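J.: from the sequence below, what's the structure:
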Amino acid sequence: MTTSAHLSPEQLRTLFLFEELSEEQLGWLAERGRSEQRPAGSVVYKEGESATCFFVLLGGVIALSRVLHGDDVEVTRTDQRGVYSGATRSYIGDRIEQRYPHTLRAVTDTEFFVLPADDFAYAIRTWFPMALHLLEGLFFGTRAANAIVNERERLLALASLSAGLTHELNNPAAAAVRATAALRERVAGMRHKLAMIADGRLDGTELHRLVELQDDAVQQAAAASGLPALAAADAEDAVGDWLEEHGVTEAWDLAPTLVAADIGVPWLTSVADTIGEDNLGSTVRWLAYTIDAELLMGEIDDAVTRISGLVGAAKQYAQLDRAPQQTVDVHTLLDATLTMLRAKIPSNVLVVKDYDHELPPISAFGAELNQVWTNLVINAVDAMPAGGTLTIRTWREDAHLLVEVADTGAGIPSDIRPRIFEPFFTTKPVGEGTGLGLDISYRIVVNKHHGDIRVSSQPGDTRFQVCLPIEPQDEGP
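T.: Numbering: from 1, shown residues only. Model (predicted):
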């Protein structure tokens, strides 16, 4: 039950917020404000409601809380007389949405001095014009600066990812170009050798058998699994010796190609029996060209497939051609992010993925979650300059899906751990970090997805856990 009464100017002067005001100003506040009592356990105002009043604590204990992934999380508790809360930004007016940023509860029976938001705004604008300009400048200036730096942070991340993607694309593209040039030479050689073989020296039956041998060679090349280095060297020696014994020139140039297709002495013997010794050299070279062409086409296919995979990962990472919010598989997002960051993860960092593939898809802003994974992975890698293990783990807890990014770095000192989500706070040297990565991640997870980010850290084991609701959540104000 709420009871109210007016306070005298003398009573208001005992509050540190009003102690320097004039008698006229105190009288104005006493006339428009009122004292209200709230019973223990009652909600004074609720997060997200329109901010209609400014509250000053006169007595009792209060607690402020925020809703995180469906739970009320207490952020502060106090019994200090004179502390204030509520419509603290009403002086800005309708230039921003005036809502309570948290929930205020009475822990014990409490008493407040309550002033309507419009009256509080009028007092600030009228009595403290210079302070008003300073406060407005600070608020909007900070917000504008945050927006600019946030965009800068995103552009830097995009530039870094673009450089990594270009580097990753260059390798398979260059391999495809080299293989294509070599393939062109092999095809030209095949045409030349085929003309020599078919220049009236082989009858139709032998030519058909030669084509069958070519098909057999192609199938063996396609199915070849590759021999260990020592076994391959022994096989090349055996094939090279056999070719030399049968008068085939450049035997040691042909042997590696034949062995790569799992072609050995028995197969070559069958070729000699079919074709004869006179045409053996040209036939073996023609078959070697065929095998080489097949292997080169395999290289081109692998290179193009890798390029296609990288482009697909880039589209998945950026969520191109998709609605901002859609149903996504977090594992697909995580894999796309790791692919995009491959160039930034050094060889001395082992990446371990421990996925719970039974997790259902969730409704989320995919591109923004990828930014969260990017920030957490880069921070984890930066924490392990001498190498270590990066572990990405997923699992389910009740109605929530959790993604954990863990590293084996030095850990986060306990004295700075409470500040890591603050804007512009960074432990990196000047110029190497803006201090907005975790702040952006926090706002994406908490504000946009109604989730939470937890952190635990000790030397050799630092874990960031992102908690996301599995069922869609209604948008808050």
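J.: can you name the next helix or strand after whichever helix or strand Leu115 is part of?
T.: For Leu115, the host element (DSSP states H and E) is strand 110-116. Next helix or strand after strand 110-116 toward the C-terminus (DSSP H and E): helix 117-127.
J.: quick one, helices of the stretch 301-450 of the chain?
T.: In the stretch 301-450 of the chain, the helices defined using DSSP state H, counting those that start in this stretch lie at 330-340, 366-382, 437-442.
J.: give me the mean pLDDT for the first one.
T.: Per-residue pLDDT values across helix 330-340 average out to 86.
J.: got the angle for it vs helix 366-382?
T.: Helix 330-340 and helix 366-382 are oriented at 50 degrees to each other (axes from the mean of the first three to the mean of the last three C-alpha atoms, to 10 degrees).
J.: buried residues in helix 330-340, which are they?
T.: Applying a neighbour-count criterion of 16 or more other C-beta atoms under 10 Å, one finds 330-331, 333-340 buried in helix 330-340. Glycine gets a C-beta too; all of them are placed from N, C-alpha and C.
J.: nearest to Thr103, of these?
T.: Thr103 lies nearest to Val330 out of the buried residues of helix 330-340, by C-beta to C-beta, at 29.8 Å.
J.: so that closest one makes contact with Leu369?
T.: Yes: shown here, Val330 and Leu369 form a contact pair, counting by C-beta atoms under 8 Å, at 7.3 Å.
J.: which regions of the stretch 51-200 of the chain sit below the pLDDT cut-off?
T.: Confidence mapping of the stretch 51-200 of the chain against pLDDT under 70 gives the ranges 68-72, 146-165, 167-168, 171, 189-200.
J.: quick one, helices of it?
T.: With helices called from DSSP H, counting those that start in this stretch, the stretch 51-200 of the chain shows them at 117-127, 129-197.
J.: name the helices or strands packed onto the first one?
T.: This means helix 117-127. If you count contacts as 3 or more C-beta pairs under 8 Å, 6 or more residues apart in numbering; DSSP states H and E, helix 117-127 packs onto helix 23-32, strand 53-59, helix 129-197.
J.: which one is Ala221 nearest to, not counting chain neighbours?
T.: Of all residues not flanking Ala221 in the chain, Ala261 sits nearest, at 3.8 Å (C-beta to C-beta, 6 or more residues apart in numbering).
J.: ok, how many other residues are close to that neighbour?
T.: Neighbour count of Ala261, defined by other C-beta atoms under 10 Å: 24.
J.: what sits against it?
T.: Residues in contact with Ala261 (C-beta atoms under 8 Å, 6 or more residues apart in numbering) are 217, 220-221, 224, 291, 294-295.
J.: which one (most neighbours) among these?
T.: Top of those by neighbour number is Ile291, holding 26 neighbours under the definition other C-beta under 10 Å.
J.: can you give me the angle the one helix or strand that residue maps to makes with helix 330-340?
T.: Following DSSP H and E, one finds Ile291 within helix 280-318. Here the directions of helix 280-318 and helix 330-340 differ by 120 degrees (the same axes, to 10 degrees).
J.: return the set of buried residues in stretch 462-471.
T.: Buried, per 16+ other C-beta under 10 Å, within stretch 462-471: 462-470.
J.: hmm, back to that, against Asp273, how distant is the residue nearest to Ala221?
T.: Applying C-beta to C-beta, to the nearest Å, the value for Ala261 to Asp273 is 19 Å.
J.: what's the answer for Arg285, then?
T.: Counting by C-beta to C-beta, the gap from Arg285 to Asp273 is 18 Å.
J.: try Pro116
T.: Separation of Pro116 from Asp273 (C-beta to C-beta): 105 Å.
J.: give me the more crowded residue out of those two.
T.: Between Pro116 and Asp273, counting by other C-beta under 10 Å, Pro116 is the more crowded of the two (16 against 10).
J.: give me every residue that touches that one.
T.: Applying C-beta under 8 Å, 6+ apart to Pro116 gives the contacts 32-33, 52-54.
J.: what does Val466 give?
T.: Counting by C-beta under 8 Å, 6+ apart, Val466 has contacts 372, 376, 402-405, 441, 445, 451-453.
J.: and those residues, which of them are in strands?
T.: Among the contacts of Val466, the ones falling in strands (DSSP state E) are 402-405, 452-453.
J.: which of the residues you listed lies closest to Gln80?
T.: Checking the ones in strands among the contacts of Val466 one by one against Gln80 (C-beta to C-beta), the nearest turns out to be Asp452, at 28.0 Å.
J.: quick one: which two of the ones in strands among the contacts of Val466 are the most distant?
T.: Greatest spatial distance in those: Val405 and Asp452, 14.5 Å, computed using C-beta to C-beta.
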